[in-house]
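Peer 1: based on what follows, work out the 3D shape:
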Amino acid sequence: MRGPTWHARIECGGMVLGAGFLVAPSTVLTCAHVVRARDAGITVSFPGRPDLPGVTASVAVDGGWAGGVTDPGDLAVLRLADQVPLCPAAFAPPGSEQGLPAPPLVAYGFPDGFPEGQLAEYRAVSATRIADQWLQLEAVTGHGQPLAPGFSGAALALKDGRVVGMVTQIAGEEGVRVARMLPTEVLARYWPGLRDRVPARVEYEHLARRLHGLVRRAEAAQLACAPEQLFVDAVGDFGPEVPPGGFPSLREAAAYVQWEVDEPAEALGRFADRLTHLLDGPACTPSVPDADTPTAGASTSTARAGAPATDWAPILVEIDRSGVGADQVTVSVSAYREGRRRPVARVRLDRAEMREYIQAGIEEAYDQLAFGAEELLAFVLPEDLLNLPVAQWPCRADDSTPLGCAAPVVVTDRSRLHGRLRHHLGKQWRKLARDPFAPLHRVGCGALEEPAGLRRRLREKDAGLAGFGAPPDAVPEQFKVSLNMPVPVLLWPRSGCAGSAGHTEPCAGTAFLDAVSPHVEGVAATELPHRIKELREEAAAEPERHWAHDVQLLWDDPRCFPEPAASLHSPVA
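Peer 2: Numbering: from 1, shown residues only. Predicted coordinates for the structure are as follows:
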């Protein structure tokens, strides 16, 4: 036969079931529906070598196909009873079936009346996968051989013979020349043994080789690491989520990056860099401050301009309404290291479940921080949840220490981390770097100031620190004004005075502002998370309720939360 001899015919009891293709001397791939309920009595023959007798086979692996036409995982791996002396199919890099125009793809199948086989020529309609599984095919011409029963399981190959996928479905209507294929990267999802046979795309082949070499080193060294953590760090905010059940091994996580991430070059590089760091160091020692960084005990007013006096290592906890239901929220946890944001976890769940999930996520995020780094727990919340008692949440189910006593805890509104407000906040923080001791601008809770007047006062005073005598829901208009102004720091008691609607004397809100003023006005704004933590620890140690028991601090220095670097490929495209 002129051409490849790896095309296979799948039979049972002398009846042709479909097609397949040889990928190893004793391994053939076909569709699960071709060999459904026929594990016994399967015979595989190779029409390109009629001199070779048929070989019995059994199903060694299946893709989990449930039996429906549109069910995923329609793949079966057949193990031959004997090896065959044929050269297995070669594969093209993923995406080779695309182009302008898309290249023709040839399938070798066994439609009714053609037991020796027949060729059909199709091309991929688009790179868009249907249900993240199939690529749609259409006939190259309207008068050639259509894909018909007997082609299921056939390889789809380029003109040079390299395989790019497998035929799985054909149109049922007469005269409709449309079908579907599983591309090689989806086949490899259901049978990982295929991954080593399919080359990476040329543009990132060297990155894939480097990563898999590091994986082999890590396996040989029995490196202790969390594959899921490495994966989310590599793929970033716009990459796929960890699959249900996680990854059984580091090798599986690395392969998932290569096969399941669109344009994976950057993710492969990040995964390899992180793995190199775990394998080779550097040694875990605190960084040495540069000559312009104040040493311990030095006045924060001498800190280098434009940089925080404390080199915070934030752990970011983002909570947002999911849009699915009133009690559904989306929660993500990430950590900053060396100025780069490293995602740890992301999930949508019921609000009642979020605290336990966040506790676990924070614990994982600590593993991402550099040794000795100064942690800062920052909760990014929608406006109506800014009064959430996050500082009072226990660290873990088995550790009742409040988060706000274990680490500095701050909150912020997500709108302040982007756009116009972020820009103006950056300018305000630069001013605070030159004159860090901001006076407290009090926003009373009794005779409430008109929003327009408060806005003008905060602007004219160039306010860096504003304190409320009541929680946000008691003074909503005044709080909204301050939130939308570039006031770098806001603080308030989570409970206490009910505002003008229920104001009494003596007022708990006034007492709070009187008590907190001397503790914050003499402290650099960059150090306020530390100071509030000390007050929370002091309050937790008091047998009676302390005025600082439920103090809430909104603090969002943009320099501590650098935005992720722009991707070379738009996530919208």
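
Peer 1: drop to CA atoms for contacts and neighbour counts, all remaining ones
Peer 2: Will do.

Peer 1: strands of the stretch 451-573 of the chain, start to end?
Peer 2: Ranges of strands within the stretch 451-573 of the chain are 465-468, 489-493, 551-555, based on DSSP state E, counting those that start in this stretch.

Peer 1: per-residue confidence for Val324?
Peer 2: Val324 is assigned 65 on the pLDDT scale.

Peer 1: and for Pro294?
Peer 2: pLDDT recorded at Pro294 is 36.

Peer 1: surely Ala120 is in contact with Pro146?
Peer 2: Yes. Using Cα atoms under 8 Å, Ala120 is in contact with Pro146, at 6.1 Å.

Peer 1: looking at those two, which is more packed in?
Peer 2: Taking other Cα atoms under 10 Å, Ala120 and Pro146 do not tie; Pro146 has more neighbours (26 against 20).

Peer 1: distance of that one from Arg270?
Peer 2: Noted for Pro146: a distance of 45 Å to Arg270, by Cα to Cα, to the nearest Å.

Peer 1: before we move on, what about Pro248?
Peer 2: Distance of Pro248 to Arg270, given as Cα to Cα: 20 Å.

Peer 1: those two: which has the busier surroundings?
Peer 2: Using other Cα under 10 Å as the criterion, Pro248 and Arg270 rank with Arg270 on top: 20 against 10.

Peer 1: could I get the phi/psi values of that one?
Peer 2: Main-chain torsions, Arg270, degrees, to the nearest 10: phi -70, psi -40.

Peer 1: adjacent strands (with direction) for the helix or strand containing Gln136?
Peer 2: Assessed by DSSP states H and E, Gln136 sits inside strand 135-139. When pairing is defined by DSSP bridges, strand 135-139 lines up against strand 118-124 (antiparallel), strand 178-183 (antiparallel).

Peer 1: let me have these in JSON lines, adding mean pLDDT and distance to Leu211 as columns.
Peer 2: Listed next are the strands paired with strand 135-139 as JSON lines, based on pLDDT from 0 to 100; distance: least, Cα to Cα, whole Å:
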{"stretch": "strand 118-124", "mean pLDDT": "91", "distance to Leu211": "30"}
{"stretch": "strand 178-183", "mean pLDDT": "90", "distance to Leu211": "23"}
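
Peer 1: deepest-packed of these, please.
Peer 2: Highest mean neighbour count among these (mean count of other Cα atoms under 10 Å): strand 178-183, with a mean of 24.

Peer 1: where's the nearest residue to Ala373 once chain neighbours are set aside, which helix or strand?
Peer 2: Ranked by Cα to Cα, 6 or more residues apart in numbering and with sequence neighbours excluded, the top spatial neighbour of Ala373 is Ala313, at 5.9 Å. Applying DSSP H and E as the criterion places Ala313 in strand 312-321.

Peer 1: that strand - what's its average pLDDT?
Peer 2: 91.

Peer 1: give the pairing partners of it; include direction for each.
Peer 2: Short version: by DSSP bridges, strand 312-321 pairs with strand 328-337 (antiparallel), strand 374-381 (parallel).

Peer 1: for Val186, pull up the helix or strand it's in.
Peer 2: Per DSSP H and E, Val186 falls inside helix 184-190.

Peer 1: please identify the buried residues of that helix?
Peer 2: Neighbour-count burial for helix 184-190 flags 184-190 (criterion: 16 or more other Cα atoms under 10 Å).

Peer 1: name the next helix or strand following it along the chain.
Peer 2: Moving toward the C-terminus from helix 184-190, the first helix or strand encountered (DSSP H and E) is helix 205-220.

Peer 1: and Ile170, bridged to which residues?
Peer 2: Following DSSP bridges, Ile170 is listed with bridge partners Ala179.

Peer 1: now Ala24: phi and psi?
Peer 2: The phi and psi torsions at Ala24 (degrees, to the nearest 10) take the values phi -160, psi 160.

Peer 1: would you agree it is in contact with Asp82?
Peer 2: No. Under the criterion of Cα under 8 Å, Ala24 makes no contact with Asp82, lying 11.4 Å away.

Peer 1: wouldn't Gly269 be in contact with Glu205 here?
Peer 2: No. Using Cα under 8 Å, Gly269 is not in contact with Glu205, being 11.2 Å away.

Peer 1: more crowded one of those two?
Peer 2: Gly269 (19 against 15).

Peer 1: quick one: end-to-end length of stretch 98-106, please.
Peer 2: Start-to-end, stretch 98-106 (Cα to Cα) is 14 Å.

Peer 1: how far does stretch 374-384 sit from its chain's centre?
Peer 2: Remark: stretch 374-384 is offset 19 Å from the chain centroid, using Cα atoms, centre = their mean, to the nearest Å.

Peer 1: now that stretch: buried residues?
Peer 2: For stretch 374-384, the neighbour count (16+ other Cα under 10 Å) marks 375-382 as buried.

Peer 1: swap in stretch 211-224?
Peer 2: Residues of stretch 211-224 classed as buried: 211-212, 214-215, 218 (neighbour count, 16+ other Cα under 10 Å).

Peer 1: about what we covered before: turn the buried residues of helix 184-190 into JSON lines, columns for pLDDT and distance to Val344.
Peer 2: Formatted as JSON lines, those follow (pLDDT from 0 to 100; distance: Cα to Cα, whole Å):
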{"residue": "Thr184", "pLDDT": "91", "distance to Val344": "29"}
{"residue": "Glu185", "pLDDT": "87", "distance to Val344": "26"}
{"residue": "Val186", "pLDDT": "90", "distance to Val344": "26"}
{"residue": "Leu187", "pLDDT": "91", "distance to Val344": "28"}
{"residue": "Ala188", "pLDDT": "87", "distance to Val344": "26"}
{"residue": "Arg189", "pLDDT": "84", "distance to Val344": "23"}
{"residue": "Tyr190", "pLDDT": "87", "distance to Val344": "26"}
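
Peer 1: any low-confidence regions in the stretch 401-550 of the chain?
Peer 2: 446-447, 499-505 (pLDDT under 70).

Peer 1: now Ala397. Nearest residue, chain neighbours left out?
Peer 2: Ala397 sits nearest to Glu356 (Cα to Cα, 6+ apart), 7.7 Å away.

Peer 1: the one you found sits in which helix or strand?
Peer 2: helix 354-366.

Peer 1: list the buried ones in that helix?
Peer 2: By neighbour count on 16+ other Cα under 10 Å, the buried set for helix 354-366 is 354-355, 357-362, 364-366.

Peer 1: the inter-axis angle of that helix versus strand 328-337?
Peer 2: 20 degrees (axes from the mean of the first three to the mean of the last three Cα atoms, to 10 degrees).

Peer 1: which helices and strands does helix 354-366 pack with?
Peer 2: Here helix 354-366 touches strand 312-321, strand 328-337, strand 340-350, strand 394-396, going by 3 or more Cα pairs under 8 Å, 6 or more residues apart in numbering; DSSP states H and E.

Peer 1: tell me which residues are up against the third one.
Peer 2: Okay, so that is strand 340-350. Residues outside strand 340-350 that contact it (Cα atoms under 8 Å, 6 or more residues apart in numbering): 229, 232-234, 236-237, 241, 322, 327-336, 361, 364-365, 368, 562-564.
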